[in-house]
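Student: pasting the sequence and the predicted coordinates here, then a few questions.
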Amino acid sequence: MNFKIIDAHAHCGRFDTFPPQDLRDYISCIRGSGIEGAVMFSPVMEIYDRYDPHFRDTGEWKHRRAQSNEYLLSFSRRRDSETLQFEVYPYFFIWNDFAVEQLSEAHKGIKWHRHPDEPVYNYEDPRCAAAIQEIRRRNMPVCLEEEFENTLYFIKKLAPGVKVVIPHCGMLNGGYDLFRRHGIWEMLNIYADTALAPVGDIRDYISRYGFERLMFGSDFPFGDPAFELQKIRRLNLAVEQEEAIIGRNVTKLIEESNPFGNKENL
């Protein structure tokens, strides 16, 4: 096998310990599965207080985010015995300070996330537009988990053409079928991951839209990476399709990201 099996959707943090989601917890969970790397995001509670709909940012929270971000970045530099055989692909979890100046060459993408009843993104802030411009310049994929109307607004108005990954095949963004009815899955810059998605939705996606923009994900620690991988293997896909979904597609997406930026993408 000349490709890596990569989990395209996993959480990893140092402060939020319920459930446990340190890198060591992830590696312990995947032993024997064949998974060799993962796209990793900071846990939500290391970025903002999701249980306070009136959340206001503070210096303490900014410091917490910076520490969480540095924790993920540290794994791209470590080569100790525990992480030597495992590759971490850090995504930068963006929040309302839109601090893209903190992006480093090690970052492979952006995590953009909120659920209903959680604090909202200030999409009208000029810093939001500036952040999207920088994301576009770096050709970074954005893993976008938002309410459906905000997702449409992001895709069609705020960031047209930016590569967007819809997690869970849309399950938490409004539902797979809602995206299908609006023709979103047909857009060539829109990708999906399979984390916790129903098998029926995954099968339907492949039959309608192919396999080139679909990626295996687990949503660790809320999903079991080994189980989510076997969910793909049990689809009995052609070898080319399975290899693309469990590793090649996310590898290509990551490799196309330009950490130094490109003026042509402005």
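Tutor: Alright, I've got the coordinates. Residues are numbered from 1 along each chain as shown.

Student: confirm that Ile110 sits in a helix.
Tutor: No. Counting by DSSP: H, G, I helix; E, B strand; the rest coil, Ile110 falls outside a helix, being strand.

Student: that one touches Val142, doesn't it?
Tutor: Yes. Under the criterion of Cβ atoms under 8 Å, Ile110 makes contact with Val142 at 4.5 Å. For glycine as for every other residue, the C-beta is placed from the backbone atoms N, C-alpha and C.

Student: find residues that contact each of the two.
Tutor: Shared contacts of Ile110 and Val142 (Cβ atoms under 8 Å, 6 or more residues apart in numbering): Ile135.

Student: quick one: which of these two has more around it?
Tutor: Ile110 (28 against 23; other Cβ atoms under 10 Å).

Student: pairing partners for that one in the sheet, please.
Tutor: Taking DSSP bridges as the rule, Ile110 bridges to Phe92, Val142.

Student: residue contacts, it?
Tutor: Counting by Cβ under 8 Å, 6+ apart, Ile110 makes contact with 91-94, 135, 140-143.

Student: and if you look at Asp25?
Tutor: Contacts for Asp25 (Cβ under 8 Å, 6+ apart) come out as Pro221.

Student: so what does the helix ranked longest in the chain touch, helix or strand wise?
Tutor: Counting residues, the longest helix in the chain under DSSP state H turns out to be helix 59-74. On a contact count with 3 or more Cβ pairs under 8 Å, 6 or more residues apart in numbering; DSSP states H and E, helix 59-74 meets strand 87-93.

Student: let's see stretch 211-227 as PDB, backbone CA atoms only.
Tutor: Taking Å, rounded to 0.1, in the frame of the first residue of the first chain, the C-alpha atoms of stretch 211-227 are listed here in PDB:
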ATOM      1  CA  PHE A 211     -15.700   9.600  -4.800                       C
ATOM      2  CA  GLU A 212     -13.200  12.300  -5.600                       C
ATOM      3  CA  ARG A 213     -14.400  14.800  -3.000                       C
ATOM      4  CA  LEU A 214     -15.400  12.500  -0.200                       C
ATOM      5  CA  MET A 215     -13.100  11.800   2.800                       C
ATOM      6  CA  PHE A 216     -13.200   9.300   5.600                       C
ATOM      7  CA  GLY A 217     -13.500  11.000   9.000                       C
ATOM      8  CA  SER A 218     -14.200   9.900  12.600                       C
ATOM      9  CA  ASP A 219     -15.100  12.900  14.700                       C
ATOM     10  CA  PHE A 220     -12.900  11.500  17.500                       C
ATOM     11  CA  PRO A 221     -13.500  11.500  20.400                       C
ATOM     12  CA  PHE A 222     -17.200  11.400  19.600                       C
ATOM     13  CA  GLY A 223     -16.700   8.700  17.000                       C
ATOM     14  CA  ASP A 224     -14.500   5.700  17.000                       C
ATOM     15  CA  PRO A 225     -11.900   6.000  14.200                       C
ATOM     16  CA  ALA A 226     -11.500   2.300  13.700                       C
ATOM     17  CA  PHE A 227     -15.300   1.800  13.500                       C
END
